[in-house]
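Colleague: Build me a structure from this.
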Amino acid sequence: MTAKEEIIKNLTVLTNNSCTSKISFIYYDILRECEIEFPADSWALARSKGYTFDQVLQNTNERTFNLLLWILRYDFDETNHAIFIQKIVLSSLWRPSNNGTSPHEDGRGLDIIKIKPNIGKEIVCASSTPSEPGFLVKIRTAAFQNKLANQYFSPWIMYYYNKEGKLIEEANRGITENERIHLTHVHFTIGK
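Modeller: Next comes the predicted model:
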């Protein structure tokens, strides 16, 4: 079963329109499980246009789910392999076109609000966290090295390839519209 199929199979839509699912993964030879939470506002645009959350998941690119699974399997703490991601809160996957050019419109966007390990502090992916957490630096760097993503926008850094194919790394100053949009979450774009 693919990551996408497992997330769809385990989906629960709650009465407040938020959704939960879970996915199993192997982490250092041990089968682990991660709860995935989708707040109601993560798919408000899709709901307003008549889509179900099942359709949101179906329209999300398979490689987006593969990136999510890769993140879950990534070495959370190199010194303590008993620490793994127990819960992740996502704010967006696929969403219907809103006359824009967002990679979410073709299912290639993954937005993360929070990451909760089984031990230790929750990682809040918002400007209220003063600097980019080390785990996010590691997955951003590795995702680009492994060609799993070609854009990473966060409250702290904008990391992407420009039109000439040069990797750009800029601080998120909260000035441009794209910078302001990404003050509340971490965004990965999957390449075409």
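
Colleague: From Ile7, how far out is the closest residue to Lys9 other than its chain neighbours?
Modeller: Of all residues beyond its chain neighbours, the one nearest Lys9 is Met1 (7.3 Å), with distances taken as Cβ to Cβ, 6 or more residues apart in numbering. All C-beta atoms are positioned from the backbone trio N, CA, C, and that covers glycine. Distance of Met1 to Ile7, computed by Cβ to Cβ, to the nearest Å: 10 Å.

Colleague: So if I had to pick from the two, which one is more boxed in?
Modeller: Ile7 (22 against 10; other Cβ atoms under 10 Å).

Colleague: in stretch 34-52, what's buried?
Modeller: Buried residues in stretch 34-52, counted by 16 or more other Cβ atoms under 10 Å: 34, 36-39, 42-43, 45-46, 51.

Colleague: would you list every one of the strands in this protein?
Modeller: Ranges of strands in the chain, per DSSP state E, are 12-13, 19-27, 30-38, 85-92, 109-117, 123-124, 151-153, 157-161, 167-171, 186-189.

Colleague: helices or strands up against the first one?
Modeller: So the one you mean is strand 12-13. strand 19-27 (3 or more Cβ pairs under 8 Å, 6 or more residues apart in numbering; DSSP states H and E).

Colleague: how many neighbours does Gly120 have?
Modeller: Gly120, neighbours per other Cβ under 10 Å, totals 11.

Colleague: I'd like the distance between the residue lying closest to it once chain neighbours are set aside and Asp75.
Modeller: In space, and not counting its chain neighbours, Gly120 is closest to Ile83: 6.5 Å by Cβ to Cβ, 6+ apart. Distance from Ile83 to Asp75, counting by Cβ to Cβ: 9 Å.

Colleague: now swap in Tyr159 and tell me
Modeller: Per Cβ to Cβ, Tyr159 is found 20 Å from Asp75.

Colleague: quick one, which of the two is more surrounded?
Modeller: Higher neighbour count among Tyr159 and Asp75: Tyr159, with 21 against 15, using other Cβ under 10 Å.

Colleague: now that one: how far from Lys166?
Modeller: 12 Å.

Colleague: circling back to that earlier point, now do the contacts for the residue nearest to Gly120.
Modeller: By Cβ atoms under 8 Å, 6 or more residues apart in numbering, the residues touching Ile83 are 76-77, 117-120.

Colleague: List just the nearest of those residues to Lys22.
Modeller: Nearest to Lys22 out of these is Asn118 (Cβ to Cβ; 13.8 Å).

Colleague: right, and the closest one touches Gln86 too?
Modeller: Yes: here Asn118 reaches Gln86: they are 4.2 Å apart, a contact under Cβ atoms under 8 Å.
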